[in-house]
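*Asks:* next come a sequence and a model predicted from it.
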Amino acid sequence: MSAVTLPAQESQALEQYLDAIWMEKGLSENTLNSYRRDLEAFARWLVEQGRGLMSLDAVSAYDYLAYRHRKGYSSRSTARFLSCVRGFYRHQIREGRLAENPLALVDNPKLPKSLPKSLTEADVERLLMAPDLEDPVGFRDRTMLEVLYACGLRVSELVGLTLAQVNLRQGVVRVMGKGSKERLVPLGEEAIDWISRYLQEARPVLLHNAPSEVLFPSTRAREMTRQTFWHRIKHWALVAGIDKPLSPHTLRHAFATHLLNHGADLRVVQLLLGHSDLSTTQIYTHVARARMQEQHRQHHPRG
């Protein structure tokens, strides 16, 4: 399908839409690339079928959804695709190129309720203890894990931190999140202590005393990639003997769940995570409730 060439008019319409939503919503590069892949794949499929983006009807849309189902795409992936393509057609209507949205009558697939994978507090403790502190890389990784768990950051936010974003005296980190939204997150005493020691003992060794604004440099004295640190997390989980399914957001999920388990207010957790919509944070109430029910079942005499 990748060999199919899009008509110039459709290719131009896609680029104009992507430019528009980048300007309007301040999307990250990763999200923008994801939108581009979804839209271009859809447009190429339509060309192969002798159809086009600007002449789409509901029948063609359902045909493509059936094609995605045969290819094994998940319901969640298809829901994201539909949201992206609906946005494209709304843009065409605003620009006066179309009179109505051809996806108006196409329903979203039903999504299964999935809870974020999380770790117990004991799991987190084992993970934090895993890195070798005699090694500057291990010391860096321990500090990164401490900050990740203490602040509930996204991995992309963590690896992008600079010295200027961390204020140890005030005990806060200034995070630039999705859509260039800034938030202040408390570090906590443990994370402050680890960062202080790391800045003294490990970071100068990693940088070979070269100047850099990057808080957590790679072994090449550059900003680490998200993928690199994700591999580091998996490595230390293996060392710690944690065989649960992990994701790049595992410690972020643990941060939110453990706060709620200890009585934190949902809106506070929303602010700390940088969620623009409270409904995004509410999934963690299900996690906390499920754990509470399990504790009741195990420990109550009539559980």
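*Replies:* Cool, the structure landed.

*Asks:* alpha carbons only: can I get the host helix or strand of L148 in PDB?
*Replies:* Using DSSP states H and E, L148 sits in helix 136-151. What follows is helix 136-151, C-alpha atoms only, in PDB (Å, rounded to 0.1, in the frame of the first residue of the first chain):
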ATOM      1  CA  PRO A 136      27.300   6.400  37.500                       C
ATOM      2  CA  VAL A 137      24.800   5.100  35.000                       C
ATOM      3  CA  GLY A 138      23.100   3.100  37.700                       C
ATOM      4  CA  PHE A 139      23.000   6.100  40.000                       C
ATOM      5  CA  ARG A 140      21.500   8.200  37.200                       C
ATOM      6  CA  ASP A 141      18.800   5.500  36.600                       C
ATOM      7  CA  ARG A 142      18.000   5.300  40.300                       C
ATOM      8  CA  THR A 143      17.500   9.000  40.400                       C
ATOM      9  CA  MET A 144      15.400   9.000  37.300                       C
ATOM     10  CA  LEU A 145      13.200   6.300  38.700                       C
ATOM     11  CA  GLU A 146      12.800   8.200  42.000                       C
ATOM     12  CA  VAL A 147      11.800  11.400  40.100                       C
ATOM     13  CA  LEU A 148       9.400   9.400  37.800                       C
ATOM     14  CA  TYR A 149       7.600   7.800  40.700                       C
ATOM     15  CA  ALA A 150       7.700  10.900  42.900                       C
ATOM     16  CA  CYS A 151       6.300  13.200  40.300                       C
END
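
*Asks:* state the distance from the spatially most central residue of the chain to A254.
*Replies:* Centroid-nearest residue in the chain: R154, 6.2 Å away (criterion: Cα atoms, centre = their mean). R154 sits 14 Å away from A254 when distances are taken as Cβ to Cβ, to the nearest Å. Where C-beta positions appear, they are placed from N, C-alpha and C, glycine not excepted.

*Asks:* ok, now S247?
*Replies:* 11 Å.

*Asks:* the two: which is more packed in?
*Replies:* Neighbours per residue, other Cβ atoms under 10 Å: of S247 and A254, the larger number sits with A254, 23 against 13.

*Asks:* then that one would be within a strand, right?
*Replies:* No - assessed with DSSP: H, G, I helix; E, B strand; the rest coil, A254 is helix; it does not lie in a strand.

*Asks:* ok, it touching L127?
*Replies:* No - between A254 and L127 there is no contact, the gap being 9.1 Å when judged by Cβ atoms under 8 Å.

*Asks:* so what sits against both of these two?
*Replies:* Here A254 and L127 share the contacting residues L119, scored by Cβ atoms under 8 Å, 6 or more residues apart in numbering.
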